[in-house]
Every structure is written in structure tokens, then in C-alpha cells.
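>>> quick one: sequence plus predicted model below, questions after.
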Amino acid sequence: MADAARVLPDFFAHQDFSFESLPRDLVETFWRTSRKLGPADAPSQSRERHLLSLGQLGRRLGHLEEAEQDLRASAQTRPAPG
């Protein structure tokens, strides 16, 4: 799971992964590894998308404070319209 998170840190982009079908400890491992990655560690994915997926997964896992931080940071990375 850690290797999968390093290659593609968006849990929901992995077609074979399902929150409901994987053991919680594996999902937690993915989430923790993905949270440690900086923008340079995941160049194939936008920072906004990385943070959004972290926030969504963190919320599902019950890590509400971290999820809020990630979702707010995702919103701040969006380019201004126009």
C-alpha cells in the first residue's frame, strides 16, 4: 500500500482499491504514506487533486482535523477564475 501511495497518491484513482473491501489498516497505511508526500514527490498529479483525495479519504477514516486541513489546502491551491 505504501508503494501504491507513492506511485499514485490518490486512493480513489486506483481501480482495484475499494474503501469497503480493503482492511482498514491497509487504507490507513495508504493515507499516512500519501500525507507524507510533497508536491515534488507526486509530479504526475496536481497538488489540488492530491490534497482533495487526502481530505476525502481522511474523512472516511475519521481523521477529521487532518481532512479539514487537506480540504482547505486543496481549495487554496485552485487558480483564481478568469
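On my side now, so go ahead. Since we're looking at a predicted model, the values are computed, not measured.
>>> give me the most central residue, the chain.
Nearest to the mean C-alpha position of the chain, by Cα atoms, centre = their mean, lies Leu54 at 2.6 Å.
>>> excluding chain neighbours, what is closest to that residue?
Sequence neighbours aside, Asp70 is the residue nearest to Leu54 in space, at 4.2 Å (criterion: Cβ to Cβ, 6 or more residues apart in numbering). C-beta here means a position set from N, CA and C on the backbone, and glycine is covered the same way.
>>> what about that neighbour, how many residues nearby?
Neighbour count of Asp70, defined by other Cβ atoms under 10 Å: 23.
>>> please report phi then psi for it.
Asp70 adopts backbone torsions of phi -70, psi -40, taken as degrees, to the nearest 10.
>>> so where's this protein uncertain?
Applying pLDDT under 70 to the chain picks out residues 79-82.
>>> same thing but at 80, please
Counting by pLDDT under 80, the ranges of the chain that qualify are 78-82.
>>> which strands or helices does the host helix or strand of Leu71 pack on?
Using DSSP states H and E, the element containing Leu71 is helix 64-77. Helices and strands touching helix 64-77, as assessed by 3 or more Cβ pairs under 8 Å, 6 or more residues apart in numbering; DSSP states H and E, comprise helix 47-61.
>>> what is the helix it packs on packed up against?
helix 24-36, helix 64-77.
>>> any chance of those helices in TSV, plus distance to Ser46?
TSV is the format used below for these (distance: least, Cβ to Cβ, whole Å):
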stretch	distance to Ser46
helix 24-36	14
helix 64-77	8
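>>> do you know which of the ones you listed lies nearest Ala2?
helix 24-36 (4.4 Å; Cβ to Cβ).
>>> other residues contacting the closest one?
Contact partners of helix 24-36, identified using Cβ atoms under 8 Å, 6 or more residues apart in numbering, comprise 1-2, 4-6, 9-11, 17, 19, 50, 53-54, 57-58, 61, 63, 66, 70.
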